[in-house]
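>>> sequence? don't have it. structure:
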C-alpha cells in the first residue's frame with residue numbers, strides 16, 4: 001500500500017515533486033512501512049521528499065493500480081513547518097496551480113490531486129497505470 005499527501009498552501013497552490021527515478025511530476029508519497037499507520041506514512045514521505053512537515057487533514061481518495069496491484073491512499077494536508085529541499089527521491093519541489101497540475105502530471109496522478117481539492121466525499125478509482133478505468137462515488 002502506498003500513500004500520498006496533497007499539500008495545499010493558502011494561495012491554493014499544491015506541493016509537487018519531480019521524481020528522481022522517472023522524471024514525472026507527482027504529489028509526494030511512497031510505500032508504507034509494515035507497522036506504519038497511513039497518516040504517519042504520509043507525514044514521513046512528505047518530509048523525506050520535500051523537507052516540509054505536514055498536518056494530515058483528511059482522506060480524499062483510494063486509487064488501485066490494476067496492473068501492479070497497488071492501492072494508494074491520498075490525504076489532504078497542510079504545512080506545519082520545515083523548509084523546502086530536494087532529496088534522493090526528488091529533483092525538483094514546486095507549488096503548482098490547478099492548470100499546471102493538469103499540464104505536468106499524468107492522468108492518474110493529476111486526478112488524485114484534483115480529487116483532493118474538492119470538498120466532496122472520498123473518491124474511489126481504478127487505473128491501469130496510465131488511464132483511469134473505473135470510478136466510484
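That came through, no problem. Computed from a predicted model, the values in this text were never measured in an experiment. Residues are numbered from 1 along each chain as shown.

>>> spell out, range by range, the strands that occur in this protein.
For the chain, applying DSSP state E gives strands covering 2-7, 14-19, 25-26, 29-31, 52-65, 70-82, 90-96, 123-127, 132-136.

>>> closest to residue 45 out of these?
Among these, strand 29-31 comes nearest to residue 45, with 4.5 Å by Cβ to Cβ. No exception for glycine: its C-beta is placed from N, CA and C like everyone else's.

>>> next one: phi and psi at the residue lying farthest from the centre of the chain?
No residue in the chain sits farther from the centre than residue 35, which is 20.6 Å out by Cα atoms, centre = their mean. Per-residue torsions, residue 35: phi -100, psi 10 (degrees, to the nearest 10).

>>> where does it sit relative to residue 44, distance-wise?
Residue 35 is 12 Å from residue 44, where distance means Cβ to Cβ, to the nearest Å.

>>> shaky segments in this structure?
For the chain, the stretches with pLDDT under 70 are 134, 136-137.

>>> one more pass at 50, please.
Residues of the chain meeting the criterion pLDDT under 50: none.

>>> remind me, longest helix of it?
When the chain is parsed with DSSP state H, its longest helix is helix 38-50.

>>> mean neighbour count added to the strands of the chain, as a markdown table?
Shown next, in a markdown table, are those (neighbours: other Cβ atoms under 10 Å):
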| stretch | mean neighbour count |
| --- | --- |
| strand 2-7 | 26 |
| strand 14-19 | 21 |
| strand 25-26 | 21 |
| strand 29-31 | 18 |
| strand 52-65 | 18 |
| strand 70-82 | 18 |
| strand 90-96 | 16 |
| strand 123-127 | 18 |
| strand 132-136 | 13 |
